[in-house]
Each structure stands twice: as structure tokens, then as C-alpha cells.
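1. quick check, what structure comes out for this input:
(chains A and B)
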Amino acid sequence: MKRYLPFAIIAIVLFSAIVVAALLLRTPPQSASLSPSQSNTGRPAGPQPGANPPRSKGKENAPVTIEEFGDLQCPPCAAMHPELQKIEKEYGERVRIIFRHFPLTQMHPYALEAAQAVEAAGLQGKFWEMHDWMYVQQEKWAQAPNARQMFLQQAQNLGLNVEKFRQDMNSAEVKQRIILDYNRGASLGVTGTPTLFIDGKQVTADQMTDEGIHALINSALAAKGQ
Amino acid sequence: MSNPSIADEADRQSSPTQAVKRAAILYGLAAVVALVGVGDTIYLTVEHLSGRSAQCVVTSGCSRVLSSPYASPGGIPLAVIGAAAYFTVFSLATLAAFGYRQAGRVLSVLVGMMFLTTLALLYLQAFVIREFCDYCLLSALLIFILTIIMVALRFRSAPQLKSRVG
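-> Numbers count the residues shown, from 1 in each chain, chains lettered A, B, ... in the order given. Predicted structure coming up:
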């Protein structure tokens, strides 16, 4: 019996090591939750500026600015994404679209990592490419056992320096941008996503339709004589 | 500080059974140390495979060190090689603790190789990457302990073991 004991011990340890590794691989990463108090001491008195410069498409002096507070893992945000792309094409230089991060980490375990990934891609000039991919492929990565691996793969597909991307995802700079965006949203009263502001005015729930958004943009353009 | 000649005399006077027991304890200790190494490297392997970056607690260079080209020589993650090496050390130490003399010999060679590799990795961290990572330093500490155990076995217990088993 004693003769087989060392082999039994080795086999048990090997089996345990494999089980532990498999369990660890299946465990989703702990996402740090964001809250307005995370980076602020006390509630801000007025609207916070958000990350500067913001992630935006269109001219800075465009007549109308649409500011979106989005969570990359939120299905309604993904559903609205094609609408915003349509608006961008339709209105061209008359509209500027800003994306602000508002990851709902309690609800969406990968939201923060996804935000970090698009910001890291942004540091290599591919913010919107990664952002669009996140929404288009949301169903796939949101249900994957390891979303980050898919983000790394996509970074590679986009021709990014993957090691830099990996480091940037965890950098203080990237995290700070997300926190600043989040704090801006919180200071403006954002509680869910997607939330849109057109020229600083929040789009209400009943206006969040294709027609409703078009009507608000047209109205804003008309007010500026466009 | 003890007088070496007295210690040698004590060894000579100790019975072979005691020497074997002492060797078994040292090999058992080596197995426990290797088990910690298995845990350390499995964690790093999982972090690498899952694309996550291990977070440092004491130092600040985990991300930099673990994503450096030296962390995956030839495309193979060093953590995977480390896990395999530690598991082999654990297996050999366990076998040696149960009296398999040949396992003890192979173990000495393996730990020697790991010691030299550790020196190279410490050099890379200190002078090339200029950052240290907690998990790599823990691994280095474990290998130093294993080396000390191997040295202790070689110079104190081995002759008695040989006289009994060999």
C-alpha cells in the first residue's frame, strides 16, 4: 500500500491543480464597481467636465452636439448604435457625437473591462473601431467565459500593439478617463444607459425613438438657423 | 556558530534510520515548497491564458514584467514552464521522501537548473526590464529555499541515505 502512496499523492495534486486552474479560468474577472464617490470627495456641485478631450466624431463646432452615455455591455445601447451611425451619416458635419462611458458594473460584469478596452484602443487611434465592434459583437463577448481574451484578439485584428493594449487597459490613464466620464454622467443625473443629451438637454424616455431623436436634432438645427 | 567537525561527528554517530528520516523530512519540505510554487505559477498561467494582468501587491511592475517578451520565450508562457517544473519538483520530492533514491538525484539536477534560470530572470527584472513582479520574486524565493534544501541533503543526509539505500 505504502508503495503506491507517493503516486497517489502526486495524482491527487495533479488532479487538484487541473481543477483549480479550470475553475480560475472560468471565473469572470472581478470588475471594480464605479460610483460617483470613487474619485470625488463629495457630490459635485455642477456638471463635471468628463474626460478631456472626449471621444467624439464630427467637428467640434458642429451646430448640434449629441452626447451619449453608454455601457458597452448594455443591450439597449447596442440596439441604439445603428441609429446613431445612421444619424451620423445623415446629418454629416452638422452633428457632433460624443461617447461617454457609463459602465453599469453591478449589472454588467464585463462593462468596465470593455470600456477599458475601447479606451486602450483609443490610445492607439482605434477607439471607434473597437467601440463599434463592441456593440456589434456584444452578444458574443458578453456571454463568453473570458471576454478579455476576445478583446485582445480584436486588438490584434485591428492591428494594434497587443502588449501595449494589454498594459493600457490596466493603466491609470484609461481608468481615469472612464471615471471622469462616469462622474460627468452622475453629475448630470444619468442613472441608466443609453442616455442621450442633445445640446445639453437630456432626451427623455418617450423621445428615445428614431423619430423622436430626429425631431430633436431637427429642432436644434432649426433653432440655429440650419 | 557550530563547529563543523562536531556536526560531522554527530552525523557519523546518528543511526542510518535517523538520517533517512531527516532526508525524508527535507524532501517533504521540498515538496511543500514546490506545491506553493505550483500555486504561484498556476495563478500566473491562468492570468496569462485569460488575458488578464496579474496585479502586484508589493511591487509595481507585474504588468510590465509579465507582458514583456521574456515572459513568453518562443511563444510559450514562462508561467506554464514554471508550473510544469514545480510540479515535477513536487513529484520527485514526494518520491524521494518515500525512498526513491533516483528521484532525489534527478531532483537535485532540476533544482540546480531552476536556480540558474531564476538568477537569469532576476537579472532581466533588475537590469533589463527594471521592474520587479511579486509573483516572480515569490518564485525566486521558493527556488532559493529549494536550493538550500538540496544543498542540505547533499552535504548532510546523502551519505547516510546512500549507506542505507545504495
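2. pLDDT-wise, which helix or strand of chain B ranks last?
-> Ranked by mean pLDDT, DSSP states H and E, the weakest helix or strand in chain B is helix B:158-165, scoring a mean of 45.
3. after the longest helix anywhere in chain A, which helix or strand is next?
-> Counting residues, the longest helix found in chain A (DSSP state H) is helix A:5-26. As assigned by DSSP states H and E, the chain's next helix or strand after helix A:5-26 is strand A:55-57.
4. what packs against that next one?
-> When contacts are defined as 3 or more Cβ pairs under 8 Å, 6 or more residues apart in numbering or on different chains; DSSP states H and E, strand A:55-57 sits against strand A:95-101, helix A:127-136. Bear in mind the C-beta positions are built from the backbone N, C-alpha and C, glycine included.
5. returning to what we had before: residues contacting the longest helix of chain A, please?
-> With Cβ atoms under 8 Å, 6 or more residues apart in numbering or on different chains as the contact definition, helix A:5-26 has outside contacts at A:145-146, B:35, B:38, B:42-43, B:45-46, B:49-50, B:83, B:87, B:90-91, B:94-95, B:97-98, B:100.
6. which pLDDT value belongs to residue 28?
-> Chain wasn't specified; assuming chain A. Looking at A:Pro28, its pLDDT stands at 52.
7. wait, I meant chain B there
-> 95.
8. distance check, the residue nearest the centre of chain B against B:Leu119.
-> The centre of chain B sits closest to B:Ile143, judged by Cα atoms, centre = their mean, with a distance of 3.3 Å. Using Cβ to Cβ, to the nearest Å, one obtains 9 Å as the distance from B:Ile143 to B:Leu119.
9. equivalent analysis for A:Ala120, please.
-> 34 Å.
10. neighbour count: the two, which is higher?
-> Taking neighbours as other Cβ atoms under 10 Å in any protein chain shown, A:Ala120 and B:Leu119 compare with A:Ala120 leading, 26 against 13.
11. wait, the more buried one sits on A:Asp168?
-> Yes. Between A:Ala120 and A:Asp168 there is a contact under Cβ atoms under 8 Å: 3.8 Å.
12. name the SS class of the nearest residue to the residue nearest to the centre of chain B once chain neighbours are set aside, please.
-> Spatial nearest neighbour of B:Ile143, chain neighbours left out: B:Thr118 (4.6 Å); criterion: Cβ to Cβ, 6 or more residues apart in numbering or on different chains. What DSSP: H, G, I helix; E, B strand; the rest coil gives for B:Thr118 is helix.
13. any idea of the pLDDT on B:Thr118?
-> Looking at B:Thr118, the pLDDT reads 96.
14. quick one: list the elements packing against the one helix or strand B:Val151 maps to.
-> For B:Val151, the host element (DSSP H and E) is helix B:134-152. Helices and strands touching helix B:134-152, by 3+ Cβ pairs under 8 Å, 6+ apart, are helix B:16-49, helix B:62-66, helix B:78-97, helix B:101-123.
15. let me know the angle separating the first one from helix A:5-26.
-> Right, helix B:16-49. 20 degrees (axes from the mean of the first three to the mean of the last three Cα atoms, to 10 degrees).
16. returning to what we had before: and the helices and strands packed on helix B:134-152: which comes nearest A:Glu139?
-> A:Glu139 lies closest, by Cβ to Cβ, to one member of the helices and strands packed on helix B:134-152: helix B:16-49, at 23.3 Å.
17. run the chain-centre distance for the closest one.
-> When distances are taken as Cα atoms, centre = their mean, to the nearest Å, helix B:16-49 is centred 7 Å away from the chain's centroid.
18. same check, this time on stretch A:75-84
-> The chain centre lies 13 Å from the centre of stretch A:75-84; the measure is Cα atoms, centre = their mean.
19. what separates the residue nearest to the centre of chain B from B:Arg22, distance-wise?
-> The gap separating B:Ile143 from B:Arg22 is 22 Å, by Cβ to Cβ.
20. can you check B:Phe127 too?
-> The value you get for B:Phe127 to B:Arg22, if Cβ to Cβ is used, is 39 Å.
21. what sits against the residue nearest the centre of chain A?
-> Nearest to the mean C-alpha position of chain A, counting by Cα atoms, centre = their mean, stands A:Ala115 at 3.3 Å. A:Ala115 makes contact with A:Asp71, A:Leu72, A:His101, A:Pro103, A:Ile178 under the criterion Cβ under 8 Å, 6+ apart.
22. compare B:Phe127 and B:Arg22 (neighbour count), which wins?
-> It is B:Arg22, of B:Phe127 and B:Arg22, that has more neighbours when counted by other Cβ under 10 Å, with 18 against 8.
23. pLDDT at the more buried one, what is it?
-> Looking at B:Arg22, its pLDDT stands at 87.
24. the residue nearest to B:Ile143 touches B:Ala140, doesn't it?
-> Yes. B:Thr118 is within contact range of B:Ala140, at 4.9 Å (criterion: Cβ under 8 Å).
25. circling back: list the buried ones in the longest helix of chain A?
-> Buried residues in helix A:5-26, defined by neighbour count with 16 or more other Cβ atoms under 10 Å in any protein chain shown: A:Pro6, A:Ile9, A:Ile10, A:Val13, A:Ala17, A:Ala21.
26. count of residues packed around the nearest residue to A:Arg177 once chain neighbours are set aside?
-> Nearest non-adjacent residue to A:Arg177, counting by Cβ to Cβ, 6+ apart: A:Ala51, 3.9 Å away. Neighbour count for A:Ala51, taken as other Cβ under 10 Å: 22.
27. who are the neighbours in contact with A:Ala51?
-> A:Arg100, A:His101, A:Gln176, A:Arg177, A:Ile178, A:Leu180, A:Asp181, A:Arg184.
28. cool, A:Ala121 as well?
-> So A:Ala121 contacts A:Phe127, A:Glu129, A:Met130, A:His131, A:Ala155, A:Leu158, A:Leu160, A:Phe165 (Cβ under 8 Å, 6+ apart).
29. switch the residues you listed over to TSV; also include pLDDT.
-> Listed next are these as TSV, based on pLDDT from 0 to 100:
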residue	pLDDT
A:Phe127	96
A:Glu129	96
A:Met130	97
A:His131	97
A:Ala155	95
A:Leu158	95
A:Leu160	94
A:Phe165	93
